[in-house]
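Q: Build me a model from this:
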Amino acid sequence: MGLTAPIRIGIIGLGRAGWGMHRPEVKGHGGYQIVAGADLRPERCERLQAEEPGAKGYTNYLDLLDDDNVDLVAVATRSNTHAQVVIDALNAGKHVVAEKPFACSLAEADAIIEAAANAPGKLLVRHNRNWDADFLAIAELVASGKLGKLQMVRLCRHGYQRRADWQTIRAYKGGQLNNWGPHIIHHALALIGAPVVDVWSDLRNIAGAGDAEDHLMILIRGANGVVADVEISGGVALGNPVWHLIGDQGALTSDGRTIRLRWYDRASMAAIAADHSDPPVDGGFGNAEPIPWQDEEITIGPAATDFYTEVYRALVEDKPFDVTLEQARAVVEVTEWARVGTAFE
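A: As a prediction, the model looks like this:
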């Protein structure tokens, strides 16, 4: 039996993610009530209590976990603290939303998953971009077969920013690998659709103030031969398309708003065979046959759902949550391989 609406939520970490993302998302949904918050800074707790009448503020998150009025805990602290806070919340019997990265190592991920297996509450990892309209539209096109057999996926998030906050500092597990990385790696693994067999990476700092990477390249090869090229950077002034997928009978590119698709029906073409004879002296170097290309431009519509709607359905309606803990662990595994496989120091 699921929870009864509204879901009473407590947010641990009232900073940029907790206050600036989780809070407006749950308030915009309507099926939640913010009843508590925790932060090391008393003034943030005071602000919560002033703007959310009846909500309690705690400077020690363990006190929030002892609050019987809290059904669901959103963990939105700094990345290096996620694992411990999530485990404590599960052990306290709460349902838990874990901000990404839900773990910073496989050892942490396995400890969290073990705690979740023995806890009464559900653990829901905030891979919220699983419901992005562009990702879902592109995944649908891949499944349609228009591209033929998928060969390569290139996913880019490029920009240039001289960033200087805690996300640039390794001690807090900052850096693009733990920041944008979980979102884009999750997309890459879903599109590959097979176990990962090889990872190559290059991490470096280009423009950021701290010692963590603000630029990364990761090549991920699946057991089915599909390769994903993931590039995330705060040090690229002129960026590449957000999406570029290549199949054996077509390709697509997208800026996240519009998809440009070029494809043909390869099965309808006559078979060809390699010619071992000497080529003619005159003429080109390729096969002169015309290919019946079909060009499409698809406008991406609004997202059909969002993260906290899916959390609500999982907790109130007992609907299966689309992001499994095994999928979240697979993302952590790739990030760990990428961290180990780079020369960045």
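Q: if I look at N178, how far off is I169?
A: 11 Å (C-beta to C-beta, to the nearest Å). To be clear about C-beta, it is placed using only N, CA and C from the backbone, and glycine gets the same treatment.
Q: More neighbours: the two, which one.
A: Using other C-beta atoms under 10 Å, the more surrounded residue of N178 and I169 is N178, with 24 against 18.
Q: so what pLDDT did the residue nearest to that one when sequence neighbours are not counted get?
A: Closest residue in space to N178, ignoring its immediate chain neighbours: P101 at 4.7 Å, by C-beta to C-beta, 6 or more residues apart in numbering. On the pLDDT scale, P101 is placed at 97.
Q: got the contact list for P101?
A: By C-beta atoms under 8 Å, 6 or more residues apart in numbering, P101 lies in contact with S79, H82, K173, N178, G181, P182, V331, V332, T335.
Q: Tell me if I am right that it is in a strand.
A: No. Assigned with DSSP: H, G, I helix; E, B strand; the rest coil, P101 falls outside any strand and is coil.
Q: State the distance from it to V75.
A: Taken as C-beta to C-beta, the span from P101 to V75 is 11 Å.
Q: try P24
A: Applying C-beta to C-beta, the value for P24 to V75 is 17 Å.
Q: Looking at the two, which has the bigger crowd around it?
A: The neighbour comparison of P24 against V75 (other C-beta under 10 Å) goes to V75, with 30 against 10.
Q: what's the closest residue to that one other than its chain neighbours in contact with, if anything?
A: Using C-beta to C-beta, 6+ apart and skipping the chain neighbours, the partner closest in space to V75 is V85 (4.9 Å). V85 is in contact with I12, Y61, V75, T77, counting by C-beta under 8 Å, 6+ apart.
Q: which SS class is the last one?
A: Recorded secondary structure, T77: coil (three-state DSSP).
Q: which residues sit in contact with it?
A: I12, G13, G18, Y61, V85, E99 are the contacts of T77 under C-beta under 8 Å, 6+ apart.
Q: Walking through the stretch 1-150 of the chain, point out its helices one by one.
A: Listed in chain order, the helices found in the stretch 1-150 of the chain under DSSP state H, counting those that start in this stretch are 23-29, 42-51, 61-65, 82-91, 106-117, 133-144.
Q: just to revisit the earlier point, report the two of the contacts of V85 separated the most.
A: Spatially, the most separated pair among these is Y61 and V75, at 8.6 Å (C-beta to C-beta).
Q: Mutual contacts of those two, please.
A: Common neighbours of Y61 and V75 are listed as I12, V85 (criterion: C-beta under 8 Å, 6+ apart).
Q: what about the residue nearest to D202 when sequence neighbours are not counted, distance to H276?
A: Nearest in space to D202, with sequence neighbours left out and distances taken as C-beta to C-beta, 6+ apart, is M217 at 4.7 Å. Look at M217 and H276: by C-beta to C-beta, they are 39 Å apart.
Q: More neighbours: which of those two?
A: Neighbours were counted for M217 and for H276 using other C-beta under 10 Å; M217 has more, 17 against 5.
Q: pLDDT averaged over the one helix or strand the more buried one maps to, what's the number?
A: Using DSSP states H and E, M217 sits within strand 215-222. The average pLDDT within strand 215-222 is 98.
Q: And it, what does it pack against?
A: helix 181-192, strand 196-204, strand 227-233, helix 325-340 (3 or more C-beta pairs under 8 Å, 6 or more residues apart in numbering; DSSP states H and E).
Q: Run through who's touching the second one.
A: Applying C-beta under 8 Å, 6+ apart, the contact partners of strand 196-204 are 175, 177, 189, 213, 215-223, 330, 333-334, 337-339, 341-344.
Q: please redo it, this time with the cut-off set to 6 Å
A: By C-beta atoms under 6 Å, 6 or more residues apart in numbering, the residues outside strand 196-204 that reach it are 213, 215-221, 223, 334, 337-338, 341-342, 344.
Q: roughly how far is it from the heart of the chain?
A: 17 Å (C-alpha atoms, centre = their mean, to the nearest Å).
Q: Then the shortest one?
A: Here the centre of mass of C-alpha atoms in strand 227-233, compared against the chain's by C-alpha atoms, centre = their mean, lies 13 Å away.
Q: what's that strand packed up against?
A: For strand 227-233, the packing partners by 3 or more C-beta pairs under 6 Å, 6 or more residues apart in numbering; DSSP states H and E come out as strand 150-158, helix 181-192, strand 215-222.
Q: which of the ones you listed is buried the deepest?
A: helix 181-192 (a mean of 23; mean count of other C-beta atoms under 10 Å).
Q: Start from the N-terminal end of the stretch 201-345 of the chain and give the helices.
A: Under DSSP H, counting those that start in this stretch, the stretch 201-345 of the chain gives helices at 307-316, 325-340.
Q: if we can go back for a sec, what's the most buried one of the helices of the stretch 1-150 of the chain?
A: The highest mean neighbour count among these, using mean count of other C-beta under 10 Å, belongs to helix 82-91: a mean of 22.
Q: Send me that helix as PDB with only the CA atoms.
A: The C-alpha coordinates for helix 82-91 follow below in PDB (Å, rounded to 0.1, in the frame of the first residue of the first chain):
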ATOM      1  CA  HIS A  82      25.500  11.600   0.000                       C
ATOM      2  CA  ALA A  83      26.200   7.900   0.800                       C
ATOM      3  CA  GLN A  84      26.300   8.400   4.600                       C
ATOM      4  CA  VAL A  85      23.200  10.600   4.700                       C
ATOM      5  CA  VAL A  86      21.200   8.300   2.400                       C
ATOM      6  CA  ILE A  87      22.100   5.200   4.400                       C
ATOM      7  CA  ASP A  88      21.200   6.900   7.700                       C
ATOM      8  CA  ALA A  89      17.800   8.000   6.200                       C
ATOM      9  CA  LEU A  90      17.100   4.400   5.000                       C
ATOM     10  CA  ASN A  91      18.000   3.000   8.400                       C
END
